[in-house]
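Peer 1: here is a sequence together with a model predicted from it:
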Amino acid sequence: MDMIFLILSFFAIAGAVGMVLAHQPVHSALSLILTIIALAGLFALLSASFLFMVQIIVYAGAVITLFIFIIMFLNVKEANLPKEPNKNITIFLGFIGLLPLNFLILKALYHMPSKALVLSQNGFGEIKSLGMELFEKWLLPFELISILLLVALIGAVVFGRKEEG
Amino acid sequence: MNSISISIVIINIILALLFSLGAAPILVWIERRVAGFIQDRMGPNRCHIKGIRLGGLIQSFADMLKLVFKEDFEASGIKESFFFSLAPVIVFCSAFLTFMVMPFADNLKIGAQVFYMQGLPIDLGVLWFLAFAGLSVYGIMLGGWASNNKYSLLGSIRAGAQVISYEAAMGLSLVSVLITYGSIHLVDIVNFQGKLLFGFIPAWGIIIQPLAAIIFIVTAFAEANRTPFDIAEGESELVGGFHTEYSAMRFGLFFVGEYVAMSASSALIVTLFFGGYHLPWLNTQVLQNHITWVLAFIMIALPTVSFFFSKWMFNNNRWLEEGNIRNRESKLLFKVIIGINLLVILGLGFWLSLGVEEIGANIATAVIQVSTFAIKLLLMNFVFVWVRWTLPRFRYDQLQDLGWKILMPLAIANIVLTATIVVVFGV
């Protein structure tokens, strides 16, 4: 288990770093896929099977496909990419800037009480129990989020539509 | 893990390999012969090993050998060599993974243990298929992009747009199906279809969800990149589309991956809408209870079918000249058929005389169900081939219109209809 966790985390971090560092937009998008699939694997390790599948279907299957589609559609030539003369310095500054946050997180982690990780109940993370939870306890927030998504969808259609006449 | 569970896991993996990878040469053969017959010619049937032609099946193996030994050429314009090689691997692996959740038979009960009869013993079913079918488009997009030419890039862009638009309709049509069945696990779905509607019609998906079945089948064609939706390669407009620059085994992986994806789509269609591994009117329970009669029926049916097949074979597969090498095949196949008949009849007769116990009945049921699934899978694959050689390719704008303006509203209407019926009648 630990070995799988280490491998998946390595790929997740490597993908994230690659996404920031890559010069070509397609390479960035591909690194992002690596991160997303590795994250899906981590969800699966936590026996959240529904989250695992949704992560792959929605993010890897649809969102990033759209990203790559747009990048390919624009078909940016190597020469037209923005030059990044101060790249190394920017990366270094960003690294320094993030260090305090990392220390904070690590400290918080070490102060947490250690606890044996066991499944909270049978059927945790499966679709049926998740749906029951969602529609019994969190019905109103769920529906509100659905309406928000619907508004975004209709907005996109309105913007994308050609003016009549 | 005892020896029984290990052997069943191995059997399952071999079955999954057979149905996906092993089916590829057979599907290529079916594709070429059916194309031939539809265009009023014979199709490839000359390739032979010492006179054994198997109706042209040997041609597929010759083709595979050719692909393996061809020069693996890479044009000098390709800069992203790594992604260029990675693309066919993605297509192949994701197509192969989608097949892993298809149940070949009902859960097999041996003693106290229950086994899932599918490649990977997980119950994510439909979601798993959606996830990995969606990933396969990366292979196509990456391949076209890495090929570094305009035709390939156009092919990948088309593939991307097509998958995004058809996945929406596919997902929505699946929602109504899942409302009806009340589960995403494919074994539950098939067992639901084992029931009878009004006492005499098998409750297959195509009967209780006809609209969803049509939408799903159409979108599955698009997802598997098959004609009439194969605009990603559209050879009349884009030379070869995303695989223009590919040769040898890298092309071979694309080629085999397409057939594996087609087989996986057929398997899901069969499982969702055509009763999966169930014979009509004979669900698992009925089969297990009447296993002696079913086995006896097989003992009578097999020789009858073999008799007519042999007669047909001797009428059609012969050569006037006596000693010609072409005359050897029919004789040899006849001997093989007689051998199989003897083996099956003697074996079954011996087993029946000893008496069939519960474990035996379960295993016999599983074998019958696997064969049923194989036959249904082959028929559905035949439909894929049939459609390919019957319908012309869609124009690109027509394809998008069909996806967004027809299939998607229909799928949403179907969800509302299904949900209303389920809530009102409480089925």
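Peer 2: Perfect, I can see it now.

Peer 1: surely B:G43 is in contact with B:R33?
Peer 2: Yes: under the criterion of Cβ atoms under 8 Å, B:G43 lies in contact with B:R33, with a separation of 4.2 Å. Backbone N, C-alpha and C define where each C-beta goes, glycine included.

Peer 1: which neighbours do these two have in common?
Peer 2: Taking Cβ atoms under 8 Å, 6 or more residues apart in numbering or on different chains as the contact rule, the neighbours common to B:G43 and B:R33 are B:G56.

Peer 1: for chain B, what's its nearest residue on chain A.
Peer 2: A:G61 (2.9 Å; Cβ to the nearest Cβ).

Peer 1: nearest residue to that residue in space, please, no chain neighbours.
Peer 2: With Cβ to Cβ, 6 or more residues apart in numbering or on different chains as the measure, B:G134 is the residue that lies nearest to A:G61, at 2.9 Å, once sequence neighbours are left out.

Peer 1: could you measure from the one you found over to A:K137?
Peer 2: Between B:G134 and A:K137 the distance is 30 Å, computed by Cβ to Cβ, to the nearest Å.

Peer 1: can you pull the contacts of A:M53?
Peer 2: Counting by Cβ under 8 Å, 6+ apart, A:M53 has contacts A:40, B:124, B:127-128, B:130-131.

Peer 1: helices - which of the residues you listed land there?
Peer 2: The members of the contacts of A:M53 that map onto helices under DSSP state H are A:40, B:127-128, B:130-131.

Peer 1: redo those residues as TSV? Include pLDDT, distance to B:L282 and neighbour count.
Peer 2: Listed next are those as TSV, based on pLDDT from 0 to 100; distance: Cβ to Cβ, whole Å; neighbours: other Cβ atoms under 10 Å in any protein chain shown:
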residue	pLDDT	distance to B:L282	neighbour count
A:A40	90	39	23
B:L127	86	29	23
B:W128	87	28	24
B:L130	86	30	25
B:A131	86	33	24
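
Peer 1: which among these gets closest to A:F95?
Peer 2: Proximity to A:F95 was ranked across the ones in helices among the contacts of A:M53 by Cβ to Cβ; first place goes to A:A40, at 27.1 Å.

Peer 1: for chain A, what lies in contact range of chain B?
Peer 2: A:26, A:30, A:33, A:49-50, A:53-54, A:56-57, A:60-62, A:65-66, A:68-69, A:72-73, A:75, A:127 (Cβ under 8 Å from any Cβ of the partner chain).

Peer 1: out of those residues, which are buried?
Peer 2: When burial is judged by neighbour count using 16 or more other Cβ atoms under 10 Å in any protein chain shown, the buried members of these are A:26, A:30, A:33, A:49-50, A:53-54, A:56-57, A:60-62, A:65, A:68-69, A:72, A:127.

Peer 1: got the buried residues for the helix or strand hosting B:L57?
Peer 2: The secondary structure element spanning B:L57 is helix B:57-69 (assigned by DSSP states H and E). Of the residues in helix B:57-69, those buried by neighbour count under the rule 16+ other Cβ under 10 Å are B:57-60, B:63-64, B:67.

Peer 1: who's in contact with the helix or strand following that helix?
Peer 2: Counting by DSSP H and E, the next helix or strand C-terminal to helix B:57-69 is helix B:81-98. Contact partners of helix B:81-98, identified using Cβ under 8 Å, 6+ apart, comprise A:30, B:20-21, B:74, B:78, B:128-129, B:132-133, B:135-136, B:138-140, B:142-143, B:145-147, B:245-246, B:250-254, B:256-258, B:260-261, B:264, B:268.

Peer 1: coming back round to it: give me the more crowded residue out of B:G134 and A:K137.
Peer 2: Here B:G134 and A:K137 are set side by side on neighbour count (other Cβ atoms under 10 Å in any protein chain shown), and the busier one is B:G134, at 25 against 10.

Peer 1: the more buried one belongs to a strand?
Peer 2: No: looking at B:G134 with DSSP: H, G, I helix; E, B strand; the rest coil, it is helix, so not inside a strand.

Peer 1: any stretches of chain A with poor pLDDT?
Peer 2: Residues of chain A that meet the criterion pLDDT under 70 lie in A:1, A:116-123, A:125, A:163-165.

Peer 1: nope, the stretch 1-150 of chain B is what I was after
Peer 2: For the stretch 1-150 of chain B, the stretches with pLDDT under 70 are B:1.

Peer 1: test my guess that B:F229 contacts B:R395.
Peer 2: No: the pair B:F229 and B:R395 does not pass the contact test of Cβ under 8 Å, sitting 11.4 Å apart.

Peer 1: give me the more crowded residue out of these two.
Peer 2: B:F229 (24 against 12).

Peer 1: just want the most central residue of the chain.
Peer 2: All of this refers to chain A. Against the mean C-alpha coordinate of chain A, by Cα atoms, centre = their mean, the closest residue is A:I36 at 5.4 Å.

Peer 1: wait, chain B was what I had in mind.
Peer 2: Against the mean C-alpha coordinate of chain B, by Cα atoms, centre = their mean, the closest residue is B:S263 at 2.5 Å.

Peer 1: against B:Q285, how distant is that residue?
Peer 2: Counting by Cβ to Cβ, the separation of B:S263 from B:Q285 is 29 Å.

Peer 1: swap in B:P409?
Peer 2: As for B:P409, its distance to B:Q285 is 40 Å (criterion: Cβ to Cβ).

Peer 1: do the same with B:L67
Peer 2: As it turns out, when the distance is counted by Cβ to Cβ, B:L67 lies 46 Å from B:Q285.

Peer 1: following the helix or strand containing A:N102, which helix or strand shows up next?
Peer 2: For A:N102, the enclosing helix or strand under DSSP H and E is helix A:87-111. Reading on from helix A:87-111 to the C-terminus, the next helix or strand found by DSSP H and E is helix A:127-136.

Peer 1: that next one: which residues count as buried?
Peer 2: So helix A:127-136, judged by 16+ other Cβ under 10 Å, has buried residues A:127, A:130.

Peer 1: show me what it is packed up against.
Peer 2: Of the remaining helices and strands, those touching helix A:127-136 by 3 or more Cβ pairs under 8 Å, 6 or more residues apart in numbering or on different chains; DSSP states H and E are helix A:49-54.

Peer 1: can you give me how far the following helix or strand past the helix it packs on is from the chain middle?
Peer 2: With elements assigned by DSSP H and E, the helix or strand that comes after helix A:49-54 is helix A:64-74. Relative to its parent chain, helix A:64-74 has a centroid offset of 17 Å by Cα atoms, centre = their mean, to the nearest Å.

Peer 1: what sits against the residue nearest to the centre of chain A?
Peer 2: A:I36 makes contacts with A:15, A:55-56, A:59-60, A:64, as judged by Cβ under 8 Å, 6+ apart.

Peer 1: name the secondary structure element that contains it.
Peer 2: For A:I36, the secondary-structure element it belongs to, assigned by DSSP H and E, is helix A:25-45.

Peer 1: how does chain A divide into domains?
Peer 2: The domain map for chain A lists A:1-82, A:129-165, with the assignment taken from automatic domain parsing.

Peer 1: what's the most buried one of the ones you listed?
Peer 2: domain A:1-82 (a mean of 16; mean count of other Cβ atoms under 10 Å in any protein chain shown).

Peer 1: so how far is that domain from its chain's centroid?
Peer 2: How far domain A:1-82 lies from its chain's middle: 7 Å, per Cα atoms, centre = their mean.

Peer 1: next, B:M117: phi, psi?
Peer 2: Taking degrees, to the nearest 10, you get phi -90, psi 70 for the backbone angles of B:M117.

Peer 1: can you get me a residue count around it?
Peer 2: Counted with other Cβ under 10 Å, the neighbours of B:M117 add up to 22.

Peer 1: ok, B:N381 next?
Peer 2: Applying the criterion other Cβ under 10 Å, we find 23 residues in the vicinity of B:N381.

Peer 1: now it. Nearest residue, chain neighbours left out?
Peer 2: Ranked by Cβ to Cβ, 6+ apart and with sequence neighbours excluded, the top spatial neighbour of B:N381 is B:S266, at 4.9 Å.
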